[in-house]
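Asker: Fold the stuff below for me.
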Amino acid sequence: MRVALLTGAGRGIGLAVARRLAADGYAIAAVDADRAALDALSLGVPVLTAALDVRQRTALDGFVARVEGELGPIEAVVPAAGIARSAPAEAMAPRDWQDVLDVNLSGSFHCFAAAAPAMLARGRGAMVGIASITGRGGQPARASYAASKWGLIGLVKSLAVEWGHRGLRVNAVAPNGVDTPMLTQGVPAAFREGVMLDRTPMGRFARPEEVAAAIAFLLSAEAGYVNGTVLDVDGGLTAGFLTHRQGRDHALRPPAQEMPA
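Answerer: Below you'll find the predicted structure:
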């Protein structure tokens, strides 16, 4: 049985990925800071869990060794643990800045790097990072989050170059808003409805399962020649600019015809 290593597996995108990969026949090695969320996992496949902080590289190294020994060789890695703490840049607490970078960027790196030696030795496997459309451009009050996701994209592309010729593919997905507690509890409703949905051509947020499906594709043999790519899963948000009302702007109306004199 194939084995997938996931962080942030207790909720949101990470949980959706765990369910999708379990349905695809993977055994799941699940990491989350929330022990209760891990204990609630019921996937119908072998599951090994660890409640740990992804900033703790030594703990991740130890868990990877345990996974390889108890479940088998890791073939898929998805570091989905992530946090967001919004504040105007001039008022952002240094601790909040650092925590977001440490979890989103360094935590992803630690997960990739902990699993890589054994995967590289076998010459096979795939990894997918969780970027964001906020890794494509800036956003007010989200300097730390944007920096972490821009950094993740650079990390993924660097690892793809470094490891691709050794049989290990590394890609990322870049979602728009995803209907998870991080969005509904962390982003004001006025911004979600009045800005994010207003400018999303499909007029809705992604479901976690839709992001998980894109990740499953990038992990699969069907994406065997896809390496160093960031796949936008954004409902068309980044397809244009100067847009609103889901693309139904007044600018789409034909110009008024001038009457002959």
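Asker: so how many other residues sit close to residue 124?
Answerer: For residue 124, the neighbour count with other CB atoms under 10 Å is 13. Any C-beta I mention is one placed from the backbone N, CA and C, and that applies to glycine too.
Asker: What of residue 67?
Answerer: The burial count for residue 67: 25, using other CB under 10 Å.
Asker: Which residues does the worst-scoring helix or strand of the chain on mean pLDDT contact?
Answerer: Across the helices and strands of the chain, mean confidence by mean pLDDT, DSSP states H and E is lowest for helix 181-186: a mean of 79. By CB atoms under 8 Å, 6 or more residues apart in numbering, the residues outside helix 181-186 that reach it are 11-12, 82-84, 86, 177, 192, 205.
Asker: Include pLDDT and distance to residue 55 when you put those residues into TSV, please.
Answerer: Putting these into TSV (pLDDT from 0 to 100; distance: CB to CB, whole Å) gives the following:
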residue	pLDDT	distance to residue 55
11	95	18
12	95	18
82	96	12
83	96	11
84	94	16
86	92	20
177	89	26
192	86	29
205	93	28
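Asker: Tell me the most packed of the residues you listed, by neighbour count.
Answerer: residue 82 leads those on contacts (other CB under 10 Å) with 24 neighbours.
Asker: ok, the closest residue to that one other than its chain neighbours to residue 149 distance?
Answerer: The spatially closest residue to residue 82, leaving aside those adjacent along the chain, is residue 104, at 5.0 Å (CB to CB, 6 or more residues apart in numbering). According to CB to CB, to the nearest Å, residue 104 and residue 149 sit 7 Å apart.
Asker: gap between the two ends of stretch 183-200?
Answerer: 15 Å (CA to CA, to the nearest Å).
Asker: now swap in stretch 189-204 and tell me
Answerer: 13 Å.
Asker: Can you pull the poorly scored residue ranges out of the stretch 151-261 of the chain?
Answerer: Within the stretch 151-261 of the chain, the ranges that satisfy pLDDT under 70 run 249-261.
Asker: Do a quick rundown of the helices in it.
Answerer: For the stretch 151-261 of the chain, the helices defined by DSSP state H, counting those that start in this stretch cover 181-186, 189-191, 208-219.
Asker: ok, now which ones touch residue 196?
Answerer: With CB under 8 Å, 6+ apart, residue 196 has these contacts: 176-177, 187, 205, 237.
Asker: Going by distance to residue 109, which of those residues wins?
Answerer: Residue 109 lies nearest to residue 176 out of those, by CB to CB, at 24.1 Å.
Asker: Surely that closest one touches residue 239?
Answerer: No. Using CB atoms under 8 Å, residue 176 makes no contact with residue 239, being 11.0 Å away.
Asker: Looking at these two, which one has more neighbours?
Answerer: residue 176 (24 against 12).
Asker: what sits against the more buried one?
Answerer: Contacts of residue 176 by CB under 8 Å, 6+ apart are 133, 196, 200, 205-206, 233-235, 237.
Asker: Closest to residue 164 out of those?
Answerer: Out of the contacts of residue 176, the member with the shortest distance to residue 164 (by CB to CB) is residue 233, at 22.2 Å.
Asker: what's the distance between the closest one and residue 173?
Answerer: Per CB to CB, residue 233 is found 5 Å from residue 173.
Asker: ok so, going back, could I get the helices of the stretch 151-261 of the chain in a markdown table, plus columns for mean neighbour count?
Answerer: Formatted as a markdown table, the helices of the stretch 151-261 of the chain follow (neighbours: other CB atoms under 10 Å):
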| stretch | mean neighbour count |
| --- | --- |
| helix 181-186 | 13 |
| helix 189-191 | 11 |
| helix 208-219 | 21 |
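Asker: Fine by me, thanks again.
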